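> quick one, structure for this:
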Amino acid sequence: IYVLDKDIGRIARQNIPLVLLDREVPDLEVSSVVLNNRRAGYETTEALIRRGFSRIEMISYSMGLSNIREREEGYRRCMQAHEMGENAVIHHLRHDKLAKIEDIIREARQRRAEAFLFATNTLAGQGLSAIYRYGWRVPQDIAIACFDTNEAFDIYKTAIAYVRQPI
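Purely as a prediction, here's the structure:
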């Protein structure tokens, strides 16, 4: 279930105690507990670059949530800082159109993408399934990094770098 910013604002205006996890709403004075998503996006991208990857593409949601936007910003900043800004590509998916991830991954591999940074663990799980349907291996054929872990990582017995977000 995705709660919209306007819904959160309506709850906050009713003076209902509220603390947001992993998200902030602009112009709304509500307590929140968040990861430094901008920094995490930067450092996760940098970890892939240190491993020798330069053609890193990001797969994200089109929702515009603060945590997602900041992860994307960190990715873009890191790619630019390493003079790879021309290789920075962010694919946006609607949360109800996750099946399109398969086309995105196939097309990215045709462009010779070497690694994917997934904005969420749900996207990473979907992406990993698509990668394996194509017969590719992680990390031998394509590297993956994402935010938080996913049960699929254990099923596929693969090496995936992820930012840990202990709730």
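> strands along the protein, start to end?
Secondary structure of the chain (DSSP state E): strands located at 19-21, 31-33, 56-61, 89-93, 115-118, 143-147, 161-163.
> so which bits of the last one are buried?
Under the neighbour-count criterion of 16 or more other Cβ atoms under 10 Å, strand 161-163 has 162-163 buried. Using the backbone N, CA and C atoms, a C-beta is placed for each residue, glycine as well.
> that one pairs with which strands?
Paired strands of strand 161-163, with direction, are strand 143-147 (parallel) (DSSP bridges).
> what of the fifth one?
Here the strand partners of strand 115-118, with direction, are listed using DSSP bridges: strand 56-61 (parallel), strand 143-147 (parallel).
> between those strands, which gets the lowest average pLDDT?
Here the strands paired with strand 115-118 differ in mean pLDDT, and the lowest is strand 143-147 at a mean of 90.
> any idea which helix or strand in this protein has the lowest mean pLDDT?
Least confident helix or strand, the chain: helix 151-156 with a mean of 68, by mean pLDDT, DSSP states H and E.
> tell me the most buried of the strands of the chain?
Across those, the average number of neighbours (mean count of other Cβ atoms under 10 Å) peaks for strand 115-118, which reaches a mean of 28.
> residue nearest the middle of this protein, spatially speaking?
Nearest to the geometric centre of the chain sits A119, at 0.7 Å (Cα atoms, centre = their mean).
> how much space between that one and E151?
The gap separating A119 from E151 is 18 Å, by Cβ to Cβ, to the nearest Å.
> where do the helices of the chain begin and end?
Under the criterion DSSP state H, the chain contains helices at 5-13, 37-50, 66-81, 101-110, 121-133, 151-156.
> select, out of those, the one closest to A88.
When the helices of the chain are compared by Cβ to Cβ, helix 66-81 sits nearest A88, at 4.0 Å.
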